[in-house]
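> Turn this into a model:
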Amino acid sequence: MAPAAGAVSLNRSCFVLGPHRSGTTIVCNALAASGAFVCLTAADIVAFQARSAGSGTAGHGGSDARSTLAGLARRGETRKIDAVPVSEDLPEEYGFLLPGRRLTPETAPVLASVHRDIAGADAPGARHLLRNPWDLARAPMILELFPGASFVFVVRDPIETIDSQLQATRALFAEPSDYHALLDPSYRRMLRRPLRFALYRFLTGRARMADTLTRSFARSTARWLGSLERLPPERWLVTRYEDLVADPTKELGRMYAFLGLSPERIPAIAREIRPGTRTLHRDVVARIGKIRRRTRRFGERFGY
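As a prediction, the model looks like this:
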């Protein structure tokens, strides 16, 4: 596979990949706080979509969309899917920039162009931090596109991950999320179709949604585990969410050393990392045995 146009600008990249709701936001924020990386933020995504739409974003002008984002931040709103506060500078997933949400040889130039614009005059020598759970199993392809890339993979107990996925999905369809609508074009389109939105609310509210998420988790992680065999071992590291929240200083030290980052800021960053307090939903509790069986290979690999 030929390197993507603009690949040089992303060659010194770190990709943070993991299943949805596994802790990639915490890891990405902790690495971004090193000050060593160019990061895609919520404001960057809103601005890109405004430019792409021409006349506007989220049904109104791009400047209005950015004002809405700033207003959510001022009011102390959270992302709704978790307790992370909305911020214009919050590192977000590059999948929101790309058709199909996944990096491909065709979409790589778009991502490279956006990151070049963010880096500005520092683009030639900048290091880039990129996060996208949709690309979990695509690291070998990403490495072909960007041969200098490194990967930090995030894993978490499948029970906790699937529970978080379930509760986050239901939160998005319980009522419209202004923040998610600013980032996700497909979600915006759904909001313009109330009957479809109501259908998704009904489907995600059913108990069997936990089974759907379990099957998806099992498939995606199985593909990912197979893909690791095609990656040079010096290019990737796995961090467990549980280890990160139990001993942030130690685990951040391991990640920072892997990426060649100065440990100077680790103590301050570690103090901000705390375990969540969410209670497992009854639909997940009723399926714990089934989830363990279907995710056995993943569990055995990472001690769950």
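> Quick one: residues in contact with stretch 65-74.
The list of residues contacting stretch 65-74 from outside it, by CB atoms under 8 Å, 6 or more residues apart in numbering, reads 42-43, 46-47, 49-50, 56-58, 85-88, 178-179, 182. The way it works is simple: take the backbone N, C-alpha and C, and place the C-beta from them, glycine included.
> Show me what secondary structure element comes after the helix or strand of the chain with the lowest mean pLDDT.
Lowest on mean pLDDT, DSSP states H and E among the helices and strands of the chain sits helix 62-74, with a mean of 83. Downstream of helix 62-74, the next assigned helix or strand under DSSP states H and E is helix 108-119.
> right, and the helix or strand after that next one?
Assigned by DSSP H and E, the successor of helix 108-119 is strand 128-131.
> Mind listing what's buried along whatever helix or strand comes next after that next one?
For strand 128-131, the following helix or strand on the C-terminal side (DSSP H and E) is helix 139-145. Buried positions in helix 139-145, judged by neighbour count with 16 or more other CB atoms under 10 Å: 139, 141-145.
> and the next helix or strand after helix 139-145, what other elements does it pack with?
Using DSSP H and E, the helix or strand that follows helix 139-145 in sequence is strand 150-155. Judged by 3 or more CB pairs under 8 Å, 6 or more residues apart in numbering; DSSP states H and E, strand 150-155 is in contact with strand 13-17, helix 24-32, strand 236-240, helix 248-259.
> any idea how far stretch 102-113 is from the chain center?
Remark: stretch 102-113 is offset 16 Å from the chain centroid, using CA atoms, centre = their mean, to the nearest Å.
> same question, stretch 80-100
7 Å.
> Dump the C-alpha coordinates for it into PDB.
Extracted C-alpha coordinates of stretch 80-100, given in PDB (Å, rounded to 0.1, in the frame of the first residue of the first chain):
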ATOM      1  CA  LYS A  80     -24.000  13.200  28.600                       C
ATOM      2  CA  ILE A  81     -22.600   9.700  27.800                       C
ATOM      3  CA  ASP A  82     -20.300  10.300  30.800                       C
ATOM      4  CA  ALA A  83     -19.200  12.900  33.300                       C
ATOM      5  CA  VAL A  84     -16.500  14.400  31.100                       C
ATOM      6  CA  PRO A  85     -17.100  18.200  30.900                       C
ATOM      7  CA  VAL A  86     -17.700  19.700  27.500                       C
ATOM      8  CA  SER A  87     -14.800  21.900  26.400                       C
ATOM      9  CA  GLU A  88     -13.800  23.500  23.100                       C
ATOM     10  CA  ASP A  89     -10.300  22.000  23.700                       C
ATOM     11  CA  LEU A  90     -11.500  18.500  24.600                       C
ATOM     12  CA  PRO A  91      -9.600  16.000  22.400                       C
ATOM     13  CA  GLU A  92     -12.100  14.100  20.400                       C
ATOM     14  CA  GLU A  93     -12.300  11.200  17.900                       C
ATOM     15  CA  TYR A  94     -11.100  11.700  14.400                       C
ATOM     16  CA  GLY A  95     -13.900   9.300  13.200                       C
ATOM     17  CA  PHE A  96     -16.300  12.300  13.300                       C
ATOM     18  CA  LEU A  97     -14.300  13.800  10.400                       C
ATOM     19  CA  LEU A  98     -14.400  10.800   8.100                       C
ATOM     20  CA  PRO A  99     -17.100   9.100   6.000                       C
ATOM     21  CA  GLY A 100     -17.700   5.700   7.600                       C
END
